[in-house]
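**Q** Predicted model and sequence below, questions to follow.
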Amino acid sequence: MNQRVVIDPITRIEGHLRIEVEVDENNVVQKAWSSSTLWRGLEVILKGRTPMDVGLLVQRICGVCTYSHYRCGTEAVENALGLKIPLNARYLRSLMQTSLFMHDHIVHFYHLHGLDWVDVVSALSADPVKASQLAHEYIHNPIATSDGELRAVQERVKGFVATGKLGPFANAYWGNKTYKFSPEQNLIALSHYLKALEVQRVAAEMLAIFGGKQPHPQSLVVGGVTSVRDMLSPARLQEWKQKHAIVQDFIERAYKADVIMAASAFGTEPSVLGGVAIKNFMCTNEFVIGDQEYIFQQGVIMNGDLSKVTDVNPDLIAEDVTHSWYSADKAQHPYDGTTIPNYTGLVERDTVYGKLPTLDGDNKYSWVKSPRYDGEPVEVGPLACLLVNYAKGNKVVVDAVNELLQVTGLPVAALFTTLGRTAARMVQTCIVAKHGLETFDALLSNMQSDEATYIEPQIDSSKEYVGHSMIEAPRGLLSHWIRIKGGLVENYQAVVPTTWNAGPVDANGKVGPYEASLVGLQLEDPTKPLEVIRVIHSFDPCMACAVHVMDYKGQSLGEFRIDPNAC
Amino acid sequence: MDTHSALFEQGRKRLEALRQLPPRQETSLQERMLKLGITRRDFMKWSASVTALLALPLPFTNLVAEAAELADRVPLIWLHLAECTGCSESLVRTDTPNLDSLIFDHISLEYHETLMAAAGWQAEENLEHALHAYKGSYLLAVEGAVPTANNGTFLTVGCKGHTGMEIIKEAAEGAAAIISVGTCASFGGVQAAAPNPTGAKGVYEVVDKAVVNLGGCPPSEKNIVGTLMYFVMFGRLPALDMFNRPKWAYGARVHDNCERRGRFDAGEFVEKFGDEGAKEGYCLYKVGCKGPYTYNNCPTERFNHHVSWPVLAGHGCMGCSEPNFWDDMADFEKPLGRQLIHGLDATADTIGGVILAATVVGIGAHAVASVFAGSKED
């Protein structure tokens, strides 16, 4: 008989995510449901405000990819107003984006995803001398892996484990058979887990140089960038470059090596070999290295057909809410999207943990909507970005992907897996770290003849404006859509990466990437569903991003009313 | 006994009591520091900087050092409600001390969804265990607002589907102290901006206990860590202002210590972003700086290891540590002028009048605002 497994909270993510799966008698997942359990209503709050404040407000959608929303919201307004901002401002924005990607992907791999791959307790039985030698097999000059350093790491964690009080490591899934690293490999990764805590701080400082702070930087305005003094300061520029070098060093000598190590250890582990079940991928242009020149180019792949890439057509995007806690007659394009809350609650049923409130999969069950491209679900994120650019023959990407396949000995098909999704994020980080410097050089060169960073926006309150922006956030394609009327925000929608990936099943029965990725997965112990967590983490969930939406005229919602006129 | 010696005595007693509790780790902080190559001298320097941060006189340095050594006796439970995780991200950036030290050596972090290894049922077990085992002694940190509309169902957490409101009420009951980290937990934050569709509220509005509010979106890592250390050291909350913010961090206006203050006094203003004044570092008041109405230590502590802060990056302060700033201080690129801001309308009025006249500068007006920002405990 099938059994229901409930996983809530999914920890080590941004926000509140609940996953439920149904396993058969062999513990193989038959059905899966993905739900976000928090709704904040930011878009109704935006209505009636000045478009100049949009960036600051939408930035609060997320404190992790905070800058992405800030930039995307600001650029949606600029697009609506038809504003062409100075090239320096575009370069500075791109440099901040580079900093964010380097920061975000390191934190994701080590601190959010890492413990799905690394068995901390196993690392205690490692031989530090052997581990130090082993580290050289994955890269010739590894970081933080001398036997002395490894021994220190081991000692540090030992005291911790000996007391039986593991603090943040308590009650996890240590000893699960799908952990494949040897004790020595676990120790190497654990050392990098700690080192990464230091390095991510430096990456955050990079963004703060031009952003004022991180998270929630404060230097973008509609029309450009305000950190002109930092841009004109040779000392500041040098500071950015020095920090960049520290972070890039870690990316190449630790992050890259650890993913190669993971590919060798987990290369035959069934639970990470499936999981890319929706073979439609989409990404957009990102990292400006010249006027109209980008490191990554936009495109769409459908049905896993790498021989055919089409251009992204914004008109083909629509959001469906059949199984989301909202009401709407049909799927809607974001310019005209409504978001009318309609919470229907959970239903009690038997689970592996006893009777619990559970998701009502036949009806509504999530605060996330289901975006569709031409009616189809699409996966977005670093894997999508690499596949689209690989298929397009983007040389930078082709070379990086081929190098990965060569050093790991894996076939192209290995990209279409949970392991591939995790590896793609590393490859993307390496490309961003390396080629992000082209943006830096382009800025220096442009500054020789041009110091402009801002152009003043003009809004005619008798006119109506419509605009959108698409950027590549660390989690994938992000788009913001705005309508301006009477000089104020009339309607606002954000269609974000985690919405694309985490949305529930749609009206046509088409499931989204999260849910599709879990079907067929076998669990060793349904009461400790490490495998599910590992697959879901490979998407790098960001739930506050995914749920932000709210809209329209005084909707009745149970006992309270929303009154848009109140703003 | 004067105030400081009384306070010192209180800290000493508190630490003595902590010392009686069983350590939760086998090796001492000193031994671990030795292994990590951190010298006693480095550690004392760190202790001195935290002492200064907390506006305590230098002799407290030894007390801070001792508190750090005994911090493993204090269980910390960190809850996430309606939020964006920016405050946790801010904590993860902390350099005084490093987060790894924080986890491993100082505070005993029992529950933190962004950092903990366990998930789902097992995570919920950890929370229940911590709430029960350390009842009455744990420090509760909360990130995010509490949605209260629709019976709180805009947020549920955990396999049992409890609402954020239920969880916070239960956790607050057994807490030795509660810290609202960030403007969302403190005052409702962005989701509580008009028309507040989810009925989001600050934690202090839904629990029956005193709550210390760390305003800021996010608060700087130093304000978070400093508050944690203060609690370890004294077992109680620091002196607070009228919005329950620690006075050591929120005692002065951003404007008072701003690096561009000289420009303000000289009447030199950025008229438009990117203009010559912007390149020269002129005052940002006319392009919307809310520094005169905002209480925080941003200009002195800055963010991200002292790298920068918004005003250094050429953007005015947006007032993010103040209650209702999303509504009261919008739009953010325009000077506030003549508007009512909680008790500070006298200041706003004066500054608005002065600046719009763009001639004289009413420095005396700032003294007036300090009166309004006076503390409950004074």
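**A** Cool, got the structure.

**Q** Quick one: residues contacting residue 55.
**A** You didn't say which chain, so I picked chain A. A:69, A:70, A:71, A:73, A:74, A:77, A:220, A:221, A:222 (CB atoms under 8 Å, 6 or more residues apart in numbering or on different chains). (Each C-beta comes from the backbone N, C-alpha and C, glycine too.)

**Q** The intended chain is chain B.
**A** Residue B:55 touches B:247, B:248, B:251, counting by CB under 8 Å, 6+ apart.

**Q** Of those residues, just say which sits nearest to residue A:102.
**A** residue B:248 (34.2 Å; CB to CB).

**Q** Now do the closest one, the pLDDT please.
**A** Note on residue B:248: pLDDT of 94.

**Q** Was I right to think it contacts residue B:53?
**A** Yes: if you go by CB atoms under 8 Å, residue B:248 and residue B:53 touch, sitting 7.3 Å apart.

**Q** any common contacting residues for those two?
**A** Contacts common to residue B:248 and residue B:53, judged by CB under 8 Å, 6+ apart, are residue B:226.

**Q** burial count for the closest residue to chain A within the stretch 51-200 of chain B?
**A** Proximity to chain A, evaluated over the stretch 51-200 of chain B using CB to the nearest CB, is greatest for residue B:86 at 2.3 Å. The number of residues packed around residue B:86, counting by other CB atoms under 10 Å in any protein chain shown, is 30.

**Q** for residue B:22, same thing?
**A** Neighbours of residue B:22 using other CB under 10 Å come to 7.

**Q** Not counting its neighbours along the chain, what's nearest it?
**A** residue B:73 (7.9 Å; CB to CB, 6 or more residues apart in numbering or on different chains).

**Q** Distance of the nearest residue to residue A:267 once chain neighbours are set aside relative to residue A:416?
**A** Counting by CB to CB, 6+ apart, residue A:410 is the residue found nearest to residue A:267 once chain neighbours are left out, at 6.7 Å. As judged by CB to CB, to the nearest Å, residue A:410 and residue A:416 stand 11 Å apart.

**Q** Just give me the residue closest to the centre of the chain.
**A** Just going to use chain A. residue A:475 (2.3 Å; CA atoms, centre = their mean).

**Q** that answer is for a different chain, and I need it for chain B
**A** Geometric middle of chain B (CA atoms, centre = their mean) lands on residue B:214, at 3.0 Å.

**Q** Just confirm that one contacts residue B:221, I think it does.
**A** No: contact criterion CB under 8 Å: residue B:214 and residue B:221 do not qualify, at 10.8 Å.

**Q** what ranges do the strands span in the stretch 51-200 of chain B?
**A** B:75-80, B:108-112, B:138-143, B:146-147, B:156-157, B:162-163, B:175-181, B:200-201 (DSSP state E, counting those that start in this stretch).

**Q** swap in the stretch 251-378 of chain B?
**A** Going by DSSP E, counting those that start in this stretch, the stretch 251-378 of chain B shows no strands.

**Q** Please list the residues of it that sit near chain A.
**A** Residues of the stretch 251-378 of chain B lying near chain A by CB under 8 Å from any CB of the partner chain: B:272-274, B:278-279, B:281, B:302-305, B:307-315, B:318, B:320, B:326, B:330-333.

**Q** Does residue A:386 touch residue A:426 like I think?
**A** No: using CB under 8 Å, residue A:386 makes no contact with residue A:426, being 10.4 Å away.

**Q** and the two? which has more neighbours close in?
**A** Shown here are residue A:386 and residue A:426; by other CB under 10 Å, residue A:386 has more neighbours (28 against 24).

**Q** Report the contact partners of that one.
**A** A:397, A:400, A:401, A:415, A:424, A:427, A:428.

**Q** A helix includes it, no?
**A** Yes: judged by DSSP: H, G, I helix; E, B strand; the rest coil, residue A:386 forms part of a helix.

**Q** What confidence value was assigned to it?
**A** 98.

**Q** Now do it against residue A:378, distance only.
**A** On the measure of CB to CB, residue A:386 and residue A:378 end up 15 Å apart.

**Q** so residue A:479 is in which element?
**A** Using DSSP states H and E, residue A:479 sits in strand A:476-485.

**Q** Nearest spatial neighbour of residue B:298, chain-adjacent residues omitted?
**A** Nearest to residue B:298 is residue B:309, by CB to CB, 6+ apart, at 4.8 Å.

**Q** Local confidence estimate at that neighbour?
**A** Confidence score, pLDDT, at residue B:309: 98.

**Q** contacting residues around it?
**A** Here residue B:309 is in contact with A:212, A:213, B:298, B:299, B:302, B:303 (CB under 8 Å, 6+ apart).

**Q** Which of those residues fall in helices?
**A** Among the contacts of residue B:309, the members falling in helices (DSSP state H) are B:298, B:299.

**Q** Can you read off the pLDDT for residue A:158?
**A** Value listed for residue A:158 in the pLDDT field: 80.

**Q** for the one 5 residues further on, same thing?
**A** At residue A:163 the predicted local confidence, pLDDT, stands at 64.

**Q** before we move on, the earlier item: identify each buried residue in the strand holding residue A:479, please.
**A** Buried residues in strand A:476-485, counted by 16 or more other CB atoms under 10 Å in any protein chain shown: A:476, A:477, A:478, A:479, A:480, A:481, A:482, A:483, A:484.

**Q** Would you mind giving those residues as JSON lines with distance to residue A:158 and pLDDT added?
**A** Converted to JSON lines, the buried residues of strand A:476-485 look like this (distance: CB to CB, whole Å; pLDDT from 0 to 100):
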{"residue": "A:476", "distance to residue A:158": "39", "pLDDT": "97"}
{"residue": "A:477", "distance to residue A:158": "44", "pLDDT": "98"}
{"residue": "A:478", "distance to residue A:158": "43", "pLDDT": "97"}
{"residue": "A:479", "distance to residue A:158": "48", "pLDDT": "97"}
{"residue": "A:480", "distance to residue A:158": "48", "pLDDT": "97"}
{"residue": "A:481", "distance to residue A:158": "53", "pLDDT": "97"}
{"residue": "A:482", "distance to residue A:158": "54", "pLDDT": "97"}
{"residue": "A:483", "distance to residue A:158": "59", "pLDDT": "97"}
{"residue": "A:484", "distance to residue A:158": "60", "pLDDT": "98"}
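
**Q** So in terms of bridging, what pairs with the closest residue to residue A:384 other than its chain neighbours?
**A** Using CB to CB, 6+ apart and skipping the chain neighbours, the partner closest in space to residue A:384 is residue A:281 (3.7 Å). The bridge-partner assignment for residue A:281, based on DSSP bridges, gives residue A:301, residue A:379.

**Q** Isn't residue A:281 up against residue A:390?
**A** No: Residue A:281 is beyond contact range of residue A:390, at 10.2 Å (criterion: CB under 8 Å).

**Q** Report the contact partners of the closest residue to chain B within the stretch 51-200 of chain A.
**A** Going by CB to the nearest CB, chain B is nearest to residue A:63 of the stretch 51-200 of chain A, at 2.3 Å. Shown in contact with residue A:63 (CB under 8 Å, 6+ apart): A:14, A:215-216, A:544, B:83-90, B:218.

**Q** now swap in residue A:473 and tell me
**A** By CB under 8 Å, 6+ apart, the neighbours of residue A:473 are A:65, A:68, A:69, A:72, A:496, A:497.

**Q** Mind checking which of the residues you listed are in helices?
**A** Per DSSP H, the subset of those in helices is A:68, A:69, A:72, A:497.

**Q** Is it possible to get TSV of those residues that adds pLDDT and neighbour count?
**A** Shown next, in TSV, are the ones in helices among the contacts of residue A:473 (pLDDT from 0 to 100; neighbours: other CB atoms under 10 Å in any protein chain shown):
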residue	pLDDT	neighbour count
A:68	96	29
A:69	97	29
A:72	98	27
A:497	96	29
